[in-house]
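S.K.: Sequence unavailable; structure follows:
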């Protein structure tokens, strides 16, 4: 049985194809049928966050940010840093400085950011892909379902983890902090990622481990799927807008047919 | 205005003082009044977990367990380790080995446990007390409200963090894994802690950051207060039985009068 929201997407596709106001009941139905039989209905894209979603790197990022903040005399409990992981690094520092009442000095922000990158890279050798991450991307490719990666990290810190997944910025659709004006929770990264694979953002699903991914998905008008692999609770992700929550990429792969992907 | 549940506790105290069946309405009222005026109504104890509740050490424990498991060829996502922190170390290893289908070989469990202790102690110098932890214990002491610490850790790993808090096992009421047969989520640690301060466990409140604290509190028939400082979400703690959730010890201190503590 086809799900109602998919039929809705098909109808929207049909209306896009014929243009607004030109869709008589007969033409509409014909185009709708055409979309179904040509497989256009499955042209939904999956836009993946990277850290905590495809690679098991959140806890290393948390401790690297904590070390970088401490080096500037900013004492903050580690769980508070954890709850900010996934948003833009600049925004994270701004928020934390504001909370601690310290001045937003650009030189200090630059030093904290550089120290984070250095501390993170020092521990990057211990990082592994999350279970099922490579298999999930491979299954989507085989099902001809477009996917992209959209990360708040700069290419410099993202590259070692992309290597772990066998991904290459030269070959695969990857959008980083360097490509957009504002990182998450602004929608720019996911908008750019949908654009990169040529799929309307409203036909896309964002897959992420943090509330910042889910908030950016909402602002971009995409759907959101949450993964527990970054250490957030299921309820936190659902409250931020996730319509489904899975443990990790392996669990999502196991339920791929429920998400409209047909192999 | 006095809260109903406190009045209930007073009445129970009164009935304990006079013994069952001996409490006529008049005697009952007299003893109830005496309990109120003598301050006995405030004889509720707070039983604190240590890691993630009083000291900011959860993330270091998580990465130490992860390293120890990896050293035995056990690959497990870090968030899954995080969700087991706070329970007995032996139980944690048992659960993880069972999930990965590996044999529960006592020598292997001993090796993992020793490697965790070694990795944790290596990073213990970066650990700080959580905001408000020392002040909260001091405020309870000044309000003559009994408190104790009950941790699933062995004294060997707990000692450096107790030092940070200015606590001494020789002077202060501290119960560790070494003192009981079963650690959390079994109720033994909190039962022993209540016993140590001479307060009925049913008049005690467990304060902890993990669902294992809340489950152990329920099994012991104590109340549970959750703190977010270990990295769990508020909803997870509430679902496990927390009747209140605060960010950290500083936030709990700020609301102490709402918890029946009178200075």
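M.R.: Perfect, I can see it now. Predicted, not measured: the structure shown is a model, and the values here were computed from it.

S.K.: So which residues on chain A come close to chain B?
M.R.: By C-beta under 8 Å from any C-beta of the partner chain, the residues of chain A that approach chain B are A:56, A:58-59, A:62-63, A:66-67, A:70, A:75, A:77-79, A:82, A:126, A:128, A:130-131, A:228-233, A:235-236, A:239, A:248. Using the backbone N, CA and C atoms, a C-beta is placed for each residue, glycine as well.

S.K.: Just give me the neighbour total for the closest residue to residue A:53 other than its chain neighbours.
M.R.: Using C-beta to C-beta, 6 or more residues apart in numbering or on different chains and skipping residues adjacent in sequence, the residue nearest residue A:53 is residue A:209, 4.8 Å away. By the criterion of other C-beta atoms under 10 Å in any protein chain shown, residue A:209 has 28 neighbours.

S.K.: try residue A:177
M.R.: 23.

S.K.: distance of the residue minimising distance to the centre of chain A from chain B?
M.R.: In chain A, the centroid-proximal residue (C-alpha atoms, centre = their mean) is residue A:49; its distance is 2.9 Å. Distance from residue A:49 to chain B, counting by C-beta to the nearest C-beta, to the nearest Å: 14 Å.

S.K.: sorry, back to before: of the residues of chain A next to chain B, which count as buried by neighbour count?
M.R.: Applying 16 or more other C-beta atoms under 10 Å in any protein chain shown to the residues of chain A next to chain B, the neighbour count classes A:56, A:58-59, A:62-63, A:66-67, A:77-79, A:82, A:128, A:130-131, A:228-233, A:235-236, A:248 as buried.

S.K.: domain parsing for chain A?
M.R.: For chain A, the structural domains run A:4-40, A:44-56+A:129-259, A:58-126, going by automatic domain parsing.

S.K.: quick one on the thing from earlier: any idea of the pLDDT on the residue nearest to the centre of chain A?
M.R.: We have a pLDDT of 97 for residue A:49.

S.K.: what does residue A:86 give?
M.R.: 85.

S.K.: What is the neighbour count of it?
M.R.: 31.

S.K.: related to what we said a few turns ago, show me what contacts the residue nearest to the centre of chain A?
M.R.: A:86, A:149, A:150, A:151, A:206, A:207, A:208, A:209, A:210, A:213 (C-beta atoms under 8 Å, 6 or more residues apart in numbering or on different chains).

S.K.: now with 6 Å?
M.R.: A:208, A:213 (C-beta atoms under 6 Å, 6 or more residues apart in numbering or on different chains).

S.K.: Centre of the chain to stretch A:210-219, how far?
M.R.: 8 Å (C-alpha atoms, centre = their mean, to the nearest Å).

S.K.: what about residue A:105, how many neighbours?
M.R.: By the criterion of other C-beta under 10 Å, residue A:105 has 11 neighbours.

S.K.: do the one 3 residues further on as well
M.R.: For residue A:108, the number of neighbouring residues by other C-beta under 10 Å comes to 16.

S.K.: Which helix or strand contains it?
M.R.: Using DSSP states H and E, residue A:108 sits in helix A:106-123.

S.K.: now that helix: mean pLDDT?
M.R.: 91.

S.K.: Poorly predicted segments of the stretch 151-263 of chain A, please.
M.R.: Scanning the stretch 151-263 of chain A for pLDDT under 70 picks out nothing.

S.K.: And the helices in chain A?
M.R.: For chain A, applying DSSP state H gives helices covering A:4-18, A:25-37, A:58-71, A:78-82, A:89-100, A:106-123, A:133-142, A:155-164, A:188-196, A:211-220, A:234-239, A:249-254.

S.K.: Deepest-packed of the ones you listed, please.
M.R.: Ranked by average neighbour count under the criterion mean count of other C-beta atoms under 10 Å in any protein chain shown, the helices of chain A are headed by helix A:211-220 at a mean of 25.

S.K.: ok, and what's touching that helix?
M.R.: Here helix A:211-220 has contacts from A:49, A:86-87, A:184-185, A:187, A:190-191, A:201, A:206, A:224, A:236, A:240-242, using C-beta under 6 Å, 6+ apart.

S.K.: And for stretch A:65-75?
M.R.: Residues contacting stretch A:65-75 (C-beta under 6 Å, 6+ apart): A:76, A:78, A:81, A:100, A:112, A:115, A:116, A:119.

S.K.: can you rerun that using 8 Å?
M.R.: A:76, A:78, A:81, A:84-85, A:92, A:96-97, A:100, A:102, A:108, A:111-113, A:115-116, A:119, B:59, B:126, B:128.

S.K.: likewise stretch A:191-208?
M.R.: Taking C-beta under 8 Å, 6+ apart as the rule, stretch A:191-208 contacts A:9, A:12, A:43-49, A:52-53, A:86, A:146-150, A:173, A:175, A:179-180, A:187, A:190, A:213-214, A:216-217, A:220-227, A:230, A:252, A:259.

S.K.: now do the same end-to-end measure for that stretch.
M.R.: 15 Å (C-alpha to C-alpha, to the nearest Å).

S.K.: Run the chain-centre distance for it.
M.R.: With C-alpha atoms, centre = their mean, you get 10 Å for stretch A:191-208.

S.K.: next one: stretch A:61-76
M.R.: The answer for stretch A:61-76 is 25 Å, by C-alpha atoms, centre = their mean.

S.K.: Same question for stretch A:242-251.
M.R.: 13 Å.

S.K.: for stretch A:253-263, same thing?
M.R.: Here stretch A:253-263 shows a centroid-to-chain-centroid distance of 18 Å under the convention C-alpha atoms, centre = their mean.

S.K.: in it, what counts as buried?
M.R.: A:253, A:256, A:259, A:260, A:261.

S.K.: and the gap between the last one and residue B:259?
M.R.: As defined by C-beta to C-beta, to the nearest Å, residue A:261 lies at a distance of 50 Å from residue B:259.

S.K.: Nearest to residue B:141 among the domains of chain A would be which one?
M.R.: domain A:58-126 (23.4 Å; C-beta to C-beta).

S.K.: end-to-end on that closest one?
M.R.: End to end - C-alpha to C-alpha - domain A:58-126 spans 12 Å.

S.K.: likewise stretch A:142-155?
M.R.: Across stretch A:142-155, first to last residue, C-alpha to C-alpha, it's 27 Å.

S.K.: mind checking how far the residue nearest to the centre of chain A is from residue B:176?
M.R.: The separation that residue A:49 has from residue B:176, given C-beta to C-beta, amounts to 40 Å.

S.K.: do the same with residue A:52
M.R.: Per C-beta to C-beta, residue A:52 is found 33 Å from residue B:176.

S.K.: okay, these two: which has more neighbours?
M.R.: Using other C-beta under 10 Å as the criterion, residue A:52 and residue B:176 rank with residue A:52 on top: 29 against 23.

S.K.: ok, now which ones touch the closest residue to the more buried one other than its chain neighbours?
M.R.: Sequence neighbours aside, residue A:230 is the residue nearest to residue A:52 in space, at 2.9 Å (criterion: C-beta to C-beta, 6+ apart). For residue A:230, the contact set (C-beta under 8 Å, 6+ apart) comprises A:51, A:52, A:53, A:58, A:85, A:86, A:208, A:209, A:210, B:79.

S.K.: Which of these sits closest to residue A:163?
M.R.: Among the contacts of residue A:230, and counting by C-beta to C-beta, the member closest to residue A:163 is residue A:51, at 14.0 Å.

S.K.: partners of that closest one in the sheet?
M.R.: residue A:55 (DSSP bridges).

S.K.: gap between it and residue A:160?
M.R.: The separation that residue A:51 has from residue A:160, given C-beta to C-beta, amounts to 11 Å.

S.K.: ok, now residue A:58?
M.R.: 15 Å.

S.K.: With residue A:221 instead?
M.R.: Distance from residue A:221 to residue A:160, by C-beta to C-beta: 32 Å.

S.K.: now residue A:234
M.R.: 29 Å.

S.K.: cool, and residue A:66?
M.R.: 20 Å.

S.K.: Over to residue A:91?
M.R.: Taken as C-beta to C-beta, the span from residue A:91 to residue A:160 is 23 Å.
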